[in-house]
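Asks: Fold the following and give me the result.
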Amino acid sequence: MSSIIPEEIIIDIFSRLLVKSILRFRCVCKPWCNLFRDPNFVKMHLNYQNKNNFSLMLNHDRSLYSIDFNSSSSSSSTLFHEDKAVKIDHPFKSRERDKYHKVQILSPGEVKILGSCNGLLSIKHNRRDVICIWNPSTKEYKKIPSPPPIEYQSINIFYYKCLFGFGYDCKTEDYKLVRIVIVDDVSQISVYTIRSNSWRSIQTCPYRLYTYYGVRGKLVNGALHWIATRPIEGGSKASSVIVSFNISNERFQEIQLPNCFVHKYPKKMFNMGLLRGSLCLIDNDSVKGQVEIWVMKNYGVIESWTKLFTISQWKNDFKYLRPIQFLKNGEIVFESLFTERRMYRDLVSYERMYKALVSYDPKHERARILNIQGILNEKWFSTETFVGSLVSLNSSTYVGQEQIEEAVENEQISLKRNRGTQIEELSSRKRKKEGKRKRTRRG
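Replies: Just a heads-up that it's a prediction; the model follows:
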């Protein structure tokens with residue numbers, strides 16, 4: 001590539017760049033463009049980004065925002081700036097326009113994030129019931145076929161719950177989307193693979209999966225995880241477990257919880273998340289007035305469950321924590337429900353509850369709400385972490401492509417009209433000249 005700088009050094013430098021920089025460099029020369037498409041370079045770039053950078057996709061107030069920050073930053077106060085919360089276009093951004101206001105229509109909660117893996121997001125359009133796999137960094141997306149229809153056990157049952165999980169099968173080097181539909185406590189499981197571009201039904205899940213904390217399975221060690229309860233046998237008391245779904249062999253396995261979690265009800269007392277690539281449990285024990293953070297240090301080893309720390313004086317204003325990221329200085333960013341107490345005309349006290357991003361410092365036992373571009377106050381939102389990557393879906397379909405093609409088409413139509421007008425003007429001038437010549441000859 002260069003007679004001055006060794007090729008290995010150039011490749012190493014490129015692997016450390018953000019995707020938006022690499023996309024600009026594609027136009028420099030053909031060798032660079034070919035390098036950025038090379039599968040080995042794509043993996044090298046992805047590995048570096050997984051260790052050093054990540055982004056937060058935030059679904060808020062009818063829009064999607066991308067928030068980039070460096071996980072190695074020494075302070076959360078420098079993570080979120082007004083210019084870092086970027087409103088982005090997505091595959092479902094409606095092109096329908098209100099005939100009076102001429103603005104784009106996007107209803108609340110219209111887009112749901114189903115999962116994230118290697119820079120790809122699986123998203124669902126609730127109203128149209130359409131699913132896409134999308135790379136927000138390159139804007140490439142792939143619309144996938146509709147999943148199998150839901151089978152109801154009785155004509156009197158019309159209510160169901162739906163769980164999703166998205167991950168990568170390292171054995172087949174393929175991405176899979178898992179859908180679990182629960183109808184009357186009976187699960188119906190379907191798996192979609194990008195390579196086959198089709199769905200297929202597999203075994204049922206013998207556990208009762210909880211859906212209170214969202215539909216997304218937690219991806220760790222090549223498996224998706226949900227909180228569930230073990231089937232009750234012989235009148236024994238129901239116990240909570242973590243159920244894993246191996247993406248490669250497509251089998252369910254059970255992971256035991258620490259003893260203090262076994263008989264707790266997950267809906268109100270604890271939930272599950274990820275910290276530094278490990279499974280973690282958040283014990284929201286309102287009775288004791290504290291929150292405990294547990295981490296499974298060695299995946300699958302029950303004895304490796306370790307209490308990371310206890311928040312002994314946690315304010316009741318923050319509830320149902322979900323961890324997002326550990327920072328270099330030891331702080332943790334959480335997604336939380338926040339309760340704010342207000343007074344109406346200085347007479348009546350009332351509470352308002354909404355989502356918030358919270359940064360907690362375990363060393364000094366301090367918590368604060370992170371304000372991002374002023375969009376989070378008193379609002380509801382959902383978040384999903386992802387990394388910028390060059391992973392391709394080989395779909396040749398990109399967000400904004402239709403608008404560009406439409407603009408080009410309109411420009412071509414406009415040029416044709418202008419050319420037609422010019423030709424008519426020239427013809428008119430020519431006719432006038434010929435008429436003038438004829439009159440001159442007659443005279």
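Asks: and residue 45, what does it touch?
Replies: Neighbour list for residue 45: 14, 15, 17, 22, 389, 390 [criterion: CB atoms under 8 Å, 6 or more residues apart in numbering]. C-beta coordinates here come from the backbone N, C-alpha and C atoms, glycine included.
Asks: same deal with residue 222?
Replies: 167, 168, 169, 170, 246, 247, 248.
Asks: Now tabulate those residues in TSV and tack on distance to residue 271, secondary structure and neighbour count.
Replies: TSV is the format used below for these (distance: CB to CB, whole Å; DSSP: H, G, I helix; E, B strand; the rest coil; neighbours: other CB atoms under 10 Å):
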residue	distance to residue 271	secondary structure	neighbour count
167	20	strand	24
168	24	strand	19
169	27	strand	19
170	28	coil	10
246	22	strand	15
247	22	coil	26
248	27	coil	15
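Asks: which one of the residues you listed is nearest residue 138?
Replies: Checking those against residue 138 with CB to CB, the nearest one is residue 168 at 17.0 Å.
Asks: How much space separates that closest one from residue 381?
Replies: With distances taken as CB to CB, to the nearest Å, residue 168 is found 27 Å from residue 381.
Asks: re earlier: out of the contacts of residue 45, grab the one that's most surrounded.
Replies: Counting neighbours by other CB atoms under 10 Å, residue 390 leads the contacts of residue 45 with 24 neighbours.
Asks: What's the separation between that one and residue 42?
Replies: From residue 390 to residue 42 the distance is 5 Å (CB to CB).
Asks: Repeat that for residue 432.
Replies: Taken as CB to CB, the span from residue 432 to residue 42 is 65 Å.
Asks: Between those two, tell me which one has more neighbours.
Replies: Per other CB under 10 Å, whichever of residue 432 and residue 42 has more neighbours is residue 42, with 19 against 10.
Asks: quick one: secondary structure of that one?
Replies: helix (DSSP: H, G, I helix; E, B strand; the rest coil).
Asks: one step back: list the residues that contact both of residue 390 and residue 42?
Replies: residue 36.
Asks: follow-up on the earlier one: and which of the contacts of residue 222 is nearest to residue 207?
Replies: residue 246 (14.5 Å).
Asks: Was I right to think that closest one contacts residue 223?
Replies: Yes. At 4.9 Å, residue 246 counts as touching residue 223 under the criterion of CB atoms under 8 Å.
Asks: shared neighbours, those two?
Replies: Taking CB under 8 Å, 6+ apart as the criterion, residue 246 and residue 223 both touch residue 253.
Asks: Report the beta-bridge partner residues of the closest residue in space to residue 207 that isn't next to it in sequence.
Replies: Nearest non-adjacent residue to residue 207, counting by CB to CB, 6 or more residues apart in numbering: residue 228, 3.8 Å away. For residue 228, the beta-bridge partners under DSSP bridges are residue 209, residue 241.
Asks: who's in contact with residue 228?
Replies: Contacts of residue 228 by CB under 8 Å, 6+ apart are 205, 207, 208, 209, 210, 240, 241, 242, 243.
Asks: And whichever strand or helix holds residue 32, what does it pack against?
Replies: Assigned by DSSP states H and E, residue 32 belongs to helix 30-37. Counting contacts by 3 or more CB pairs under 8 Å, 6 or more residues apart in numbering; DSSP states H and E, helix 30-37 is packed against helix 7-15, helix 19-25.
Asks: quick one: buried residues of the longest one?
Replies: Within helix 7-15, the residues that qualify as buried by neighbour count (16 or more other CB atoms under 10 Å) are 10, 11, 14, 15.
Asks: Show me what it is packed up against.
Replies: helix 30-37, helix 39-52.
Asks: the inter-axis angle of the first one versus helix 7-15?
Replies: Between the direction of helix 30-37 and that of helix 7-15, the angle (axes from the mean of the first three to the mean of the last three CA atoms, to 10 degrees) works out to 60 degrees.
Asks: Show me the contact partners of helix 30-37.
Replies: 1, 11, 14, 22, 25, 26, 27, 41, 42, 390, 392.
Asks: would CSV of these with distance to residue 257 be doable?
Replies: Output for those, formatted as CSV (distance: CB to CB, whole Å):
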residue, distance to residue 257
1, 52
11, 44
14, 43
22, 42
25, 48
26, 48
27, 52
41, 41
42, 37
390, 38
392, 39
